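J.: Sequence first, then the predicted structure, then my questions.
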Amino acid sequence: VQLVESGGGLVQPGGSLRLSCVTSGFAFSSYVMSWHRKATGKGRELVAGILQAGSITNYADSVKGRFTISRDNAKNTVYLQMNSLKPEDTAVYYCKYRDGGGVDHWGKGTLVTVSS
């Protein structure tokens, strides 16, 4: 099982980034996928989740209206489009899925820094 995030970087407040998480080694289309983040000195928090067919999503209140999660089951990839970024969005962003045995599988993360 592999989950590999990319797309992070340094962006100014108000800017946008699109994160990708390319996966392999499991039946991607059968699982809920989610994005989480961890800022320095804080715990890891759920940012957004998406059901298997992609028709139902959920978001943390702090990102609603600014972030959009999507998936491409043909490419085994989940995305996070982040708009109107704020300094408080600075964090390492991880994608995750939970397998049928209840084990969480995480990528290594991609760093997003929002600063002027």
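T.: Arrived safely, thanks for sending.

J.: Residue 33 and residue 70, how far apart?
T.: Residue 33 sits 10 Å away from residue 70, going by C-beta to C-beta, to the nearest Å. Glycine gets a C-beta too; all of them are placed from N, C-alpha and C.

J.: Ignore what I typed, I meant residue 60.
T.: From residue 60 to residue 70 the distance is 16 Å (C-beta to C-beta).

J.: for residue 107, same thing?
T.: Distance from residue 107 to residue 70, by C-beta to C-beta: 17 Å.

J.: cool, residue 6 as well?
T.: As judged by C-beta to C-beta, residue 6 and residue 70 stand 15 Å apart.

J.: Need the residues touching each of residue 33 and residue 70.
T.: Here residue 33 and residue 70 have 50, 78 as joint contacts, going by C-beta atoms under 8 Å, 6 or more residues apart in numbering.

J.: Please identify which of these two sits among more neighbours.
T.: Taking neighbours as other C-beta atoms under 10 Å, residue 33 and residue 70 compare with residue 33 leading, 27 against 15.

J.: for the more buried one, phi and psi?
T.: Per-residue torsions, residue 33: phi -120, psi 150 (degrees, to the nearest 10).

J.: What segments of the chain are strands?
T.: 2-6, 9-11, 17-24, 33-38, 44-50, 57-59, 67-72, 77-82, 91-98, 104-106, 110-114 (DSSP state E).

J.: In a markdown table, list these along with mean pLDDT.
T.: Output for the strands of the chain, formatted as a markdown table (pLDDT from 0 to 100):
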| stretch | mean pLDDT |
| --- | --- |
| strand 2-6 | 98 |
| strand 9-11 | 98 |
| strand 17-24 | 98 |
| strand 33-38 | 98 |
| strand 44-50 | 97 |
| strand 57-59 | 96 |
| strand 67-72 | 98 |
| strand 77-82 | 98 |
| strand 91-98 | 97 |
| strand 104-106 | 97 |
| strand 110-114 | 98 |
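
J.: show me what contacts residue 73?
T.: Per C-beta under 8 Å, 6+ apart, neighbours of residue 73: 28, 29, 52, 54.
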